[in-house]
Each structure stands twice: as structure tokens, then as C-alpha cells.
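K.L.:
Sequence and predicted model, in that order:
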Amino acid sequence: MDVDVAGRLRQVRKLHKLSQRELAKRAKVSNATISLVESGRLNPSIGNLKRILDGVPVSMAEFFAMEVETEKPKVFFLASELKEIGRDAISYRQVAANLRDRALQILHERFEPGADTGKVPLRHNSEEGGIVIKGRIELTVGDQTRVLEAGDAYYFDSTLPHRFRNTSGAPCELISACTPPSF
């Protein structure tokens, strides 16, 4: 029987109105440990799980006997809830913070004037497409280069080397999708 340790720990923490940071402090473990366990990227040993649960406090028996409420996947996202994963002159605002078990990544991208994804072309195992909603962007895919303007779109196999550059003097915004998620 598989036990959803991540979901159970998240539920226990929220029932006790604790932040990840507060639980980590009480359990004398790092905040990263709590985050990794709750995201399912770390399966704690029995000893570490007991230490974490002592911070709530909840016994191991209670933890494994509790009914887990399954969270409905979030469907709607306010602009303020988009997760920024970009850097410097390029903003990538991602729909949904956690893409675990998701097949699609949707981004609201903003390229400041002169912004460039880099001289070394990007490559990843995905397909991606998008629509320019404001400004102009130069897109190179393989040996093809085109300047796209508001309303223009693209769609390509991301294993091909590709590069985005804003060669204009104004910001460029686009909405893109990538499957499977690659960031």
C-alpha cells in the first residue's frame, strides 16, 4: 500500500495552522526538508518523519491512520498568483506553482528591450508554441529566423536549437505553452 506522506504531512501541518518554516523550527529540521517532503521529492526515513511529527505533535499511529483529504486541483489563477521563474531582463510568469504530475506548462513571458535567451541556443525535449501579444521578438529555430509581432504565433519541436531576442526598443510580451514542462 502506497502512503501519500507528502499529502498527509501538508494536511497535518495545515490542520495545526503551521507554516512550513514554523514546523521546521519546532521539529529542528531545515525548512528545505519540510518543503521537499511535502512536494514529494524527499521520502523521509522513519526517524526523520517521527522528528517532524513531534513538532506538531502527532503520533506516527495517528499520522498513518488519518484520512487524507484530497485537494482539488486549482483551476483559476489570479495574476498575482503566477509564479515568477525568470531572471534579469526576461520574466517568465508560470501558471500554477507546482507542475508535478502536469503535462503542460503555460507562461506569460516579458522580454525587456535587448533581452536575449543567450548566445547558446536552448534545446529541450518538448514542443512549444506561443502568441506574441505585445511588441516584437526575433525567434530563431534551427536555421530559420523570423521577427514576430503582436498577433503572430509560433510552434516548434524544442529539441531544435532555438533562441528568443528582443531587438526592438520596447518590451515584448507573449503567452507560451510547453509540453511536457521544461523549466
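P.N.:
Here it is on my side, so go on.
K.L.:
for the lengthiest helix in the chain, the distance to its chain's centre please.
P.N.:
Across the chain, the helix with the greatest residue count (assigned by DSSP state H) is helix 5-15. Averaging C-alpha positions (CA atoms, centre = their mean, to the nearest Å) puts helix 5-15 20 Å from its chain's average.
K.L.:
Stretch 66-84 too?
P.N.:
12 Å.
K.L.:
how about stretch 113-132: buried residues?
P.N.:
Across stretch 113-132, burial judged by 16 or more other CB atoms under 10 Å covers 115, 117, 126, 128, 130, 131, 132. All C-beta atoms are positioned from the backbone trio N, CA, C, and that covers glycine.
K.L.:
any idea which of these is closest to residue 88?
P.N.:
Nearest to residue 88, judged by CB to CB, of the buried residues of stretch 113-132 is residue 115 at 7.5 Å.
K.L.:
Neighbours of the spatially closest residue to the closest one that is not a sequence neighbour, how many?
P.N.:
Of all residues beyond its chain neighbours, the one nearest residue 115 is residue 89 (3.8 Å), with distances taken as CB to CB, 6 or more residues apart in numbering. Residue 89: 14 surrounding residues under other CB atoms under 10 Å.
K.L.:
Check residue 139 too.
P.N.:
20.
K.L.:
With residue 154 instead?
P.N.:
Counted with other CB under 10 Å, residue 154 comes out at 18.
K.L.:
Good, we can wrap up now.
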